[in-house]
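Engineer: dropping the sequence and predicted coords here.
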Amino acid sequence: MPSLMIVSHGQPSDPAPAEAALADLARAVAAHLPGWRVVSATLAGPGALAAAVAAAGPGAVVHPLFMADGWFTARHLPDRLAQAGAQGARLTAPLGLLPGLADLALARAAEAAAAQGWAAGDTTVLVAAHGSFRSEAPARVARDLAARLVAGGLAAAQTAFIDQDPQIAAVAADLPARSLCLPFFAAGGGHVTDDLPRALAQAGFVGPVLPPIGGDAQVPALIAAAARDQADRALAAG
């Protein structure tokens, strides 16, 4: 039986809610992968990764539920998998780089604009992301998404961050009236429920704020497709 392990960073200060939310996502992904074993773990949950590795077995496909391909996915996650005893694990692209995610974000932004009675070509999107003061990778992925939104017909797309400059409050304060916010996050954790609303309120931003793109109902199908593709490539490689 092929297996998929979905891994996220989690919430070190309170691991249980993030573990439960990730388990819900794993069940949703499993609905698109009949015949697969799908498990999940956060890196913050004590013993969670080791338990998931044991349940998945050797040769599992691993999906990093991260928005970029920086240090966590390139170094930290492989190290943690090795420490947990994972053998032959094969990683998909992280969530933020999955084929189809940018198109999904474009569709959701266009739908939100239409719901306001705005033409896409008159609408600005604020791509609010985590960012990093240590790595350029998270900002690069967010900026690539912003470029895709403009290429898809939005008037403009600006990126702003929680953990690097430019900060969300500074960028949001200068946006035109027909602007909406697209949170480029994997889930609805504290950054989405606390930090982002605080920054937008500080800026006086009153436009629509979309749910985090990682929580979209279409995401489980994207993750499942990436897992199948990774498994097929492994078979083809022998």
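Structural biologist: Yes, it's here.
Engineer: what sits up against the host helix or strand of Leu182?
Structural biologist: Leu182 belongs to strand 179-184 when assigned by DSSP states H and E. The contact list for strand 179-184 (CB atoms under 8 Å, 6 or more residues apart in numbering) reads 67, 96, 105, 108-109, 112-113, 116, 123-130, 141-142, 145, 149, 172, 192, 196, 200, 205, 207-213. Backbone N, C-alpha and C define where each C-beta goes, glycine included.
Engineer: PyMOL command for the buried members of these?
Structural biologist: Selection of buried members from the contacts of strand 179-184 for PyMOL, criterion 16 or more other CB atoms under 10 Å:
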select buried, resi 67+96+105+108+109+112+113+123+124+125+126+127+128+129+130+141+142+145+149+172+192+196+200+205+207+208+209+210+212+213
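Engineer: for the chain, what's the longest helix?
Structural biologist: What stands out as the longest helix in the chain, according to DSSP state H, is helix 219-237.
Engineer: tell me what that helix is packed against?
Structural biologist: Under the contact criterion of 3 or more CB pairs under 8 Å, 6 or more residues apart in numbering; DSSP states H and E, helix 219-237 touches strand 3-8, helix 15-30, strand 61-64, strand 90-91, helix 101-115.
Engineer: nearest to Ala236, out of these?
Structural biologist: strand 90-91 (12.4 Å; CB to CB).
Engineer: what about Phe133, neighbour count?
Structural biologist: 8 (other CB atoms under 10 Å).
Engineer: quick one on the thing from earlier: reformat the helices and strands packed on helix 219-237 as TSV; add mean pLDDT and distance to Gln158.
Structural biologist: Shown next, in TSV, are the helices and strands packed on helix 219-237 (pLDDT from 0 to 100; distance: least, CB to CB, whole Å):
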stretch	mean pLDDT	distance to Gln158
strand 3-8	97	27
helix 15-30	96	29
strand 61-64	98	26
strand 90-91	94	31
helix 101-115	98	13
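Engineer: as CSV, those with distance to Arg80 would be great.
Structural biologist: Formatted as CSV, the helices and strands packed on helix 219-237 follow (distance: least, CB to CB, whole Å):
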stretch, distance to Arg80
strand 3-8, 8
helix 15-30, 15
strand 61-64, 10
strand 90-91, 12
helix 101-115, 24
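Engineer: to Gln83, which of those lies closest?
Structural biologist: strand 3-8 (12.9 Å).
Engineer: so in that sheet, which strands flank that closest one, and in what orientation?
Structural biologist: Partners of strand 3-8 in the sheet, by DSSP bridges, are strand 37-42 (parallel), strand 61-64 (parallel).
Engineer: winner for burial among these?
Structural biologist: strand 61-64 (a mean of 26; mean count of other CB atoms under 10 Å).
Engineer: with adjacent residues omitted, what lies nearest to the residue most central in space within the chain?
Structural biologist: For the chain, Ala186 is the residue whose C-alpha lies nearest the centre (CA atoms, centre = their mean; 3.0 Å). Leaving aside its chain neighbours, Ala186 sits nearest to Gly214 (3.7 Å; criterion: CB to CB, 6 or more residues apart in numbering).
Engineer: over to Phe133?
Structural biologist: Using CB to CB, 6+ apart, the closest residue to Phe133 is Gln164 (5.2 Å).
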